[in-house]
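Chemist: pasting the structure only:
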Ligand code: ADP
Ligand code: MG
């Protein structure tokens, strides 16, 4: 249980507030997360890390000298937005570029990738890079699909040390990739975790059993086995990790035993004793060890073991001093507070109207804002249904996220309409607000969708029916490019792509746009229903694919609802 909370909705924000108050010596808060409060040299490469909340010390605990320069903080177990990442990255960057590093979760990949692209477009050297240490999340032939878990510690620690030494952007990035390629983690869970305010845990582990390879949000692992003694659990973890010993190392290893939230230090020491012995028996040299909580999952009970296979360079970087709220070692001569941070922005940047739209386009913009209002009401009504669909194989947040995104997009659209924006700017601002507030994979994708629509519509002429169809086509192309999914992967695209084809065929025929759109919308609704037959190949539902078969994809269903609602408003 999570026992201490107020309004559950405010839990992540209140936790962030308390964290900032407790760590003033290390961090300063701003929109999106926090940056170092201490001085950092000009031209230093900035390491920005991040992800969902609920994993402390990951990630906010690792901002400070020798490790990260900034942290982007999402909702509980849910990705922060690109806007948050851009805000943190800009405050953290010192002229040497920004490396944004995170654990390879679908929402994070989209939002942080988008943030890196936005920063690059603004002339800031930026790259998004992922950690992939969890050996249970995909096979050795698909390492790039693996998730990052407690391996964050050695990877971020050595990358941060490289940046602190003043290495170039390419050199720091090379250390990151080398460290990641030499880090392997496996975890076991004894009980699930409960979101603040929830009545039931996100998942359960039967009494007397342990789930092997479980992810930090309860993603399914390899198997469930009877819970053994501490020595047996240690042996299981060591044996499986040694099967994945990376090539080209001389047997030096750093072992990190991580508690997932409800493991006792003494239990972990008992286990570590066996781990150390087994590693030495295997002929390895354990050059250093760590036992403690590093990557947690709220109140989940369980542990993970990380092996970090060092060479001279990585071992030396590992030994450099570090001083962060949750991780400190050696002596750091850097208590001087930054005086150049100025007033940090506590608000996201908002798109402003630079040039008013044409009279026609302003009218269309106003109709778009009205439609968004209707869509918000509809999503409010459908929120529970969409949440249930998402809970079957995903995390259950789709309804809440879509509603929150639409609500904020409406506010942004109305503000822009009030300022005389044309339709294109209004759609772009709505997309920006949607992406910044909805969270999750679909939040990023709806941001892309509205942005692409805005670009197609523009602020001057009204699109013809043919042009409407080709704009919808461009939107689909933008989603394909951003998310990397294909037709049949069981995503919103499985409703959108058939709609594109149908609309393109319809606009060649007779009737009003409303009639044509509504006929094509029927195709979208039918295609969304048909996703029930598909098995997810991408996104959060992929690991639980079998469970999803027989149920429609939540993102496809919500998209079809919205397409239908737009038709009614035309
Ligand atoms: P999350 O999966 O991060 O919790 P949501 O639950 O809000 O995000 O949205 C899930 C939906 O996102 C899925 O049902 C699917 O339609 C859509 N989706 C996931 N990944 C992709 C992708 N790569 N391309 C297109 N749509 C995707
Ligand atoms: Mg979800």
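Modeler: Perfect, I can see it now. Not measured: the values here are computed from a predicted model. Ligands and ions are numbered 1, 2, ... in the order given.

Chemist: ok, for whichever residue of the chain sits closest to ligand 1, nearest residue in space, not its chain neighbours?
Modeler: Closest approach between the chain and ligand 1, counting by CB to the nearest ligand atom: residue 555, at 2.0 Å. Where C-beta positions appear, they are placed from N, C-alpha and C, glycine not excepted. Among residues not flanking residue 555 along the chain, residue 492 sits closest, at 3.8 Å (CB to CB, 6 or more residues apart in numbering).

Chemist: from what I see, that neighbour and residue 441 are in contact.
Modeler: No. Counting by CB atoms under 8 Å, residue 492 does not reach residue 441; the two are 9.6 Å apart.

Chemist: so what sits against both of these two?
Modeler: Common contacts of residue 492 and residue 441 (CB atoms under 8 Å, 6 or more residues apart in numbering): residue 555.

Chemist: avg pLDDT for the longest helix along the chain?
Modeler: The residue-count maximum for a helix in the chain (DSSP state H) belongs to helix 359-393. Per-residue pLDDT over helix 359-393 has a mean of 96.

Chemist: who's in contact with residue 237?
Modeler: Contacts of residue 237 (CB under 8 Å, 6+ apart): 186, 188, 275, 304, 305.

Chemist: in the helix or strand encompassing residue 286, what counts as buried?
Modeler: Using DSSP states H and E, residue 286 maps to strand 285-292. Neighbour-count burial for strand 285-292 flags 286, 288, 290, 291 (criterion: 16 or more other CB atoms under 10 Å).

Chemist: try stretch 549-566
Modeler: 551-566.

Chemist: what does stretch 318-334 give?
Modeler: Buried residues in stretch 318-334 (16+ other CB under 10 Å): 318-320, 322-329, 332, 334.

Chemist: how about stretch 386-393?
Modeler: For stretch 386-393, using 16+ other CB under 10 Å, the buried residues are 386, 387, 389, 390, 392, 393.

Chemist: shaky segments in the stretch 201-350 of the chain?
Modeler: For the stretch 201-350 of the chain, the stretches with pLDDT under 70 are 334-335.

Chemist: want to throw the contacts of residue 237 into TSV with secondary structure, neighbour count and distance to residue 233?
Modeler: Compiled in TSV, the contacts of residue 237 are given as follows (DSSP: H, G, I helix; E, B strand; the rest coil; neighbours: other CB atoms under 10 Å; distance: CB to CB, whole Å):
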residue	secondary structure	neighbour count	distance to residue 233
186	strand	28	11
188	strand	27	6
275	helix	26	9
304	strand	27	11
305	strand	26	9
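
Chemist: let's have those residues in a markdown table, adding distance to residue 405.
Modeler: Output for the contacts of residue 237, formatted as a markdown table (distance: CB to CB, whole Å):
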| residue | distance to residue 405 |
| --- | --- |
| 186 | 36 |
| 188 | 36 |
| 275 | 44 |
| 304 | 33 |
| 305 | 38 |
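
Chemist: tell me which two in the residues you listed are the farthest apart.
Modeler: By the measure CB to CB, 188 and 275 form the most distant pair in the contacts of residue 237, at 12.8 Å.

Chemist: element containing the residue with the largest distance to the centre of the chain?
Modeler: Ranked by distance from the centre of the chain (CA atoms, centre = their mean), the top residue is residue 510, with 44.8 Å. Element membership for residue 510 (DSSP H and E) is empty, with no helix or strand holding it.

Chemist: what's near enough to touch the residue nearest to residue 458 when sequence neighbours are not counted?
Modeler: Closest residue to residue 458 apart from its sequence neighbours, by CB to CB, 6+ apart: residue 424 at 4.4 Å. Residues in contact with residue 424 (CB under 8 Å, 6+ apart) are 357, 361, 454, 455, 456, 457, 458, 459.

Chemist: repeat that for residue 323.
Modeler: Going by CB under 8 Å, 6+ apart, residue 323 touches 26, 64, 65, 66, 332, 334.

Chemist: what's the burial count for residue 461?
Modeler: Residue 461 has 14 neighbours, counted by other CB atoms under 10 Å.

Chemist: from residue 358, how far out is it?
Modeler: To residue 358, residue 461 is 7 Å away according to CB to CB, to the nearest Å.

Chemist: could you do residue 251 as well?
Modeler: In terms of CB to CB, residue 251 sits 70 Å off from residue 358.

Chemist: try residue 113
Modeler: Taking CB to CB as the measure, residue 113 falls 34 Å from residue 358.

Chemist: which residues of the stretch 101-250 of the chain fall in helices?
Modeler: For the stretch 101-250 of the chain, helices defined by DSSP state H, counting those that start in this stretch occupy the ranges 106-121, 152-164, 169-181, 230-242.

Chemist: turn these into a markdown table, including distance to ligand 1.
Modeler: Formatted as a markdown table, those follow (distance: least, CB to the nearest ligand atom, whole Å):
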| stretch | distance to ligand 1 |
| --- | --- |
| helix 106-121 | 4 |
| helix 152-164 | 19 |
| helix 169-181 | 22 |
| helix 230-242 | 28 |
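
Chemist: most neighbours per residue, which of these?
Modeler: helix 152-164 (a mean of 28; mean count of other CB atoms under 10 Å).

Chemist: quick check: angle from that helix to strand 285-292?
Modeler: 110 degrees (axes from the mean of the first three to the mean of the last three CA atoms, to 10 degrees).

Chemist: which other helices and strands contact helix 152-164?
Modeler: strand 46-53, strand 98-102, helix 169-181, strand 252-259, strand 301-309, helix 312-319, strand 322-323 (3 or more CB pairs under 8 Å, 6 or more residues apart in numbering; DSSP states H and E).

Chemist: just the mean pLDDT for stretch 532-550, thanks.
Modeler: Mean predicted lDDT for stretch 532-550 stands at 84.

Chemist: name the surrounding residues that touch it.
Modeler: Contacts of stretch 532-550 (CB under 8 Å, 6+ apart): 105-107, 137, 215, 219-220, 392-395, 441, 483-486, 488-491, 494, 551-553.

Chemist: same deal with stretch 356-375?
Modeler: Taking CB under 8 Å, 6+ apart as the rule, stretch 356-375 contacts 406, 409-410, 413-414, 416-417, 420-427, 430, 457-462, 562, 565-566, 568-569.

Chemist: just the buried ones from those, in ChimeraX syntax?
Modeler: In ChimeraX syntax, the buried subset of the contacts of stretch 356-375 is picked out as below (16+ other CB under 10 Å):
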select :406,409,410,413,414,416,417,420,421,422,423,424,425,426,427,430,457,458,459,562,565,566
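
Chemist: next step: the contacts of stretch 356-375 restricted to helices.
Modeler: Filtering these for helices - DSSP H - leaves 406, 409-410, 413-414, 416-417, 423-427, 430, 457, 562, 565-566, 568-569.

Chemist: going through the contacts of stretch 532-550, which ones are buried?
Modeler: Counted by 16+ other CB under 10 Å, the contacts of stretch 532-550 give 105-107, 137, 215, 219-220, 392-395, 441, 483, 485, 489-491, 494, 551-553 as buried.

Chemist: what about residue 331, distance to residue 321?
Modeler: 6 Å.

Chemist: likewise for residue 462?
Modeler: Following CB to CB, the distance that separates residue 462 from residue 321 is 62 Å.

Chemist: same thing with residue 403?
Modeler: 47 Å.
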